[in-house]
Structure formats: structure tokens, C-alpha cells
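[1] got a predicted structure plus its sequence, pasted below:
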Amino acid sequence: PATAQQSINNDGTGQVLLFPFYNADNASNSYFHVVNNTSDSKAVKIRFKEYLSSAVALEWNLYMAPYDVYPMAIAADAASGGAAVLTNDDSCTVPALGTANGAYSGTTTGLSDGSTLRSQPFVPFLYASDSVDSVERTLMGSLEVIEMGVVSASVDVTKCDELTDLWNTGAWASNPSTNMSAPTGGLSGNGYFIKVDSAYSTQIPVTAIDGWSTTVQHGSPASMLPTLDKGVKTATVDGQLVDYSSKANGGALATSALLAAHTVLNEVTVESSIAASTDIVLSYPTKEYFTSGSTALAPFTKVYDSTKDVSTACETYKLSQYDREGFSNTGANSFSPATTNGVAGPVCDNVAVVSFGPSSALGVGSVSVPAGFNYQAGVAKFVGEQVMPKSDNGVTITGLPVIGFASTRIANGVMSYGYSSPNKTFATMTVTSN
């Protein structure tokens, strides 16, 4: 092709990994592994965002050796009240985890196997002026992983002090592209949610994007770069090229086009005989790039108002429910609050958890979106009519950029078991001549 294009890699490897959800609230933990499946050393940005407006809760640079695996756990931090990341991995990060960060400084603990457990609390710094400014806002959110480039073999990414020196006084302090080449992909990941007191665990699926960048994007640890909107401005969606090169926010639009869904479906089980409950996660990785100004940008229709106690960046879906035989009626149960016909409602948070059944399967508290279900089991279908801007080559896509999954928990006394399933998503695309 004449130009590089972003695309979803269904094999699960890429330059960008998007995890739709983490939760550390209500005695919950989340676990993530990032894997370098290549023979190259990689510079990778690890970025956790809180659920309400996707403000960065914590990020750092990770340097991965060939075939490196980097594990992380997210748990509640007793001292701060927010979330914290924990790892005992030896892969180099800049800054080092477990170090000073004002009122939210990290700790290190020596373990019996000789490794060091590093804990670093999440921080509320980027939303400190919001009406909702507590660090507890970091207890739920999402994770994005971005490959910034391939590190030359002349740089030993296992020498942590040397990497830090490169940023402080060395070559990277003046030119971060030194001894770097463009990202090549090959990253993969795994995510798991564990509710310890319920003996419940479920998988968190990951979305992998290839072709995100053709240039080195080696941002300094203090720069908060690269951001997800800095990718190339073209994408391939279901075999169709979409080109937003003329748009100022073309990178965000190209990534959004990959993730756009007019319809989101998943299975729901709330069978009382097995004490079942289902949550459906709707996570919007690019929403912040369209809702943080004074006017919302398409496909989103409302802006985030930081002066309000609840999110105002609400998008309306029509919710349909079906039993296991495909029967459907509008019923009286839907989002709360519901419109008069009981089948439409708002989803406002950048990471939204729609809870079917008497309790949240994912241990989410008051921030969940409660929804009834008319049947013991079946399918929930969300339909949104929001429209993306027409691309330079005449493609119009209907749908919001959303990823996520359903998690079902089934209780058996004090024990639980269950499963997760990625959301099934469908976009509507119209191609016209320019």
C-alpha cells in the first residue's frame, strides 16, 4: 500500500494493546501480562487511566528485552485509598517503580525468593481541579500499552541505571530517537480479574492494533507521550480503507474507526437458581480526544464537564433484550434512569459497567450502570446511532469506538465460578464517491 494503515490484528499481537478494564475496588484485583514476542528490544509506554474521563492515573516507560514477559497486578492501596500497581519483575522501567512521588510514593519489599516487590500508587494529579477529585477514582479504569520503537542492540535494556542516565544526562535527554527505530509490533497481552473473597476469576480480553505508527515515538517518561491519537491517519476496517489525512484529529479518527460499533451484543445470565449475575463492560479508548473541549466532536455528542459530580459525557443507546429462544419485548427494565419506553438510556463514563442482576459480577460498586433483565438468560443488544465524520475517501461509519466484554459470575455457596466473553460488535459503513 502507498501509505501505512492501522488495523486490528485478530491474532492478538500488535504495536498497541488496549485492555478495556481494571478494577481494584471491593477487594478486587486485576492482573496483566505484556509479552514481547520478537527478537528485538522494545521501548513501551504503560499507561493506566481512571474510568470517569480517562485521566492518566499512572504511566511509565518499560524497556523489554527480546521475548520478555512483564507482569503487573492492580490492587487497592491501603495508605492512599486509591489503586496501586505491583510487580516483582526485573524488567527496567523509567522511572523505577517503588520510588518517591510526593504524597503517593511507592515502596519496595524484599521477598523470600530474592526478588523485590515494587508497589507504586496511582495518583489524582491530572483531575485535582475536578469536582470529583478523590484518589478513589483510580480504583477502576483501563490500560493502554503503546510500542514507542525498537531499541538498538547497542543499548542494553537490562541495565536500568544506564537507561535512567540516558534520559537524565545522556543521548535521550536531547534526542529521544537516538539508537531507536520505528515500532514493528509483536506485543501481546493477557488480563485477568480476581475477586478474592468470592473465589472468582475471569479473563479480561485485549484488543491489538498493528500499523499504528511508522515513526519512532519514544516519549520521555515526563512527557506523557505518545498518546493514542498520535497514530497514522489511515486505517483498514473490514477490508475498506478509511483515510482521515486532511483532519486535524485524523489519528484519533483512524483508531476510532477500527473500534467503531453501531451494535454491541453479548450473553447475559441472571438465573436465580444458580445466583448468576452478568456485567457488560463498555470501554471507550479514544473518547477523551472528542469530549474534553468546549464542544463535542463526532462521533461523540456530549462533553465532559469537570465541574459536575457525575459525568456529563453521556451517549444514548437503545437496549434490546432477548431470551435464549430469541424472543424479545421492551419490558419495563432497562438503564436506570430509563426513558418512558424503557428501552433507551445513557452511558456516561469512559469505562462503563452495565450490571444485570442483583449485584455486580466484577465487584463494581456505585459507579456501575444498573440494568434489569426481562429473562433468566439471553442476549443484550446495545444500538447507538452516533456517526463518525466522513473520511477523505468517502467512507461514513455509524457507531462509537468501543471495546469490552461480558463477565458472568455464578455463585456456589461461598465459592464462585464464571466466564467472560468479548463483546460482539458490528459497524455500519457507507461508501460514497467524493
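    Nice, I can see it. Numbering: from 1, shown residues only.
[2] going forward, measure contacts and count neighbours with C-alpha atoms only.
    OK.
[3] okay, helices next: where are they in the stretch 251-400 of the chain?
    Assigned helices in the stretch 251-400 of the chain, in chain order: 288-291 (criterion: DSSP state H, counting those that start in this stretch).
[4] which residues of it score low on pLDDT?
    329-345 (pLDDT under 70).
[5] looking at stretch 404-416 now, give me its mean pLDDT.
    Stretch 404-416 shows a mean pLDDT of 87.
[6] what's next to it, contact-wise?
    20-21, 198-200, 202, 204-205, 266-269, 274-283, 361-362, 417-423 (C-alpha atoms under 8 Å, 6 or more residues apart in numbering).
[7] can you tell me which of these are buried?
    20-21, 198, 200, 202, 204-205, 266-269, 275-283, 361-362, 418, 420-423 (16 or more other C-alpha atoms under 10 Å).
[8] filter the residues you listed down to the ones in strands?
    20-21, 200, 202, 204, 266-269, 276-283, 418, 420-422 (DSSP state E).
[9] what count of nearby residues applies to residue 148?
    By other C-alpha atoms under 10 Å, 29 other residues sit near residue 148.
[10] which ones are touching it?
    Per C-alpha under 8 Å, 6+ apart, neighbours of residue 148: 42, 43, 44, 45, 182, 183, 216, 217, 218, 219, 226.
[11] closest to residue 27 out of the residues you listed?
    residue 45 (27.5 Å; C-alpha to C-alpha).
[12] ok, how many other residues are close to the closest one?
    28.
[13] please enumerate the strands of the stretch 301-434 of the chain.
    Taking DSSP state E, counting those that start in this stretch as the test, the strands found in the stretch 301-434 of the chain are 315-323, 344-347, 351-356, 369-371, 377-383, 395-398, 400-401, 403-412, 415-422, 424-426, 428-431.
[14] which one of those strands lies nearest to residue 211?
    strand 400-401 (17.8 Å).
[15] the closest one pairs with which strands?
    strand 260-261 (antiparallel) (DSSP bridges).
[16] so how far is the strand it pairs with from its chain's centroid?
    In terms of C-alpha atoms, centre = their mean, to the nearest Å, the centre of strand 260-261 is found 15 Å from the chain centre.
[17] try stretch 46-66
    With C-alpha atoms, centre = their mean, you get 10 Å for stretch 46-66.
[18] buried ones in that stretch?
    Those would be 46-65, for stretch 46-66 by 16+ other C-alpha under 10 Å.
[19] so how far is residue 86 from residue 64?
    Distance of residue 64 to residue 86, computed by C-alpha to C-alpha, to the nearest Å: 17 Å.
[20] likewise for residue 55?
    In terms of C-alpha to C-alpha, residue 55 sits 20 Å off from residue 86.
[21] ok, residue 364 next?
    Distance from residue 364 to residue 86, by C-alpha to C-alpha: 21 Å.
[22] who are the contact partners of residue 61?
    Counting by C-alpha under 8 Å, 6+ apart, residue 61 makes contact with 43, 44, 45, 46, 93, 94, 95, 220, 221.
[23] what bridges to it?
    Bridge pairing for residue 61 - DSSP bridges - gives residue 45, residue 94.
[24] tell me the pLDDT at it?
    98.
[25] measure it to residue 167 for me?
    11 Å.
[26] what is the neighbour count of residue 185?
    26.
[27] isn't it up against residue 14?
    Yes - in this structure, residue 185 is within contact of residue 14 by C-alpha atoms under 8 Å, at 4.4 Å.
[28] identify the contacts common to those two.
    Between them, residue 185 and residue 14 share the contacting residues 210, 211, judged by C-alpha under 8 Å, 6+ apart.
[29] and the closest residue to residue 397 other than its chain neighbours, what does it touch?
    Excluding its sequence neighbours, the residue lying closest to residue 397 (C-alpha to C-alpha, 6 or more residues apart in numbering) is residue 429, at 4.5 Å. Taking C-alpha under 8 Å, 6+ apart as the criterion, residue 429 is in contact with 395, 396, 397, 398.
[30] and if you look at residue 305?
    Contacts for residue 305 were tallied using C-alpha under 8 Å, 6+ apart; they are 311, 312, 313.
[31] ok, for the second one, nearest residue in space, not its chain neighbours?
    Nearest in space to residue 312, with sequence neighbours left out and distances taken as C-alpha to C-alpha, 6+ apart, is residue 304 at 5.3 Å.
[32] so the one you found sits right up against residue 310, yeah?
    No - the criterion here is C-alpha under 8 Å, and residue 304 misses it with residue 310 at 9.3 Å.
[33] quick check: the residue nearest to residue 28 when sequence neighbours are not counted vs residue 127, distance?
    Nearest non-adjacent residue to residue 28, counting by C-alpha to C-alpha, 6+ apart: residue 195, 4.6 Å away. Between residue 195 and residue 127 the distance is 28 Å, computed by C-alpha to C-alpha.
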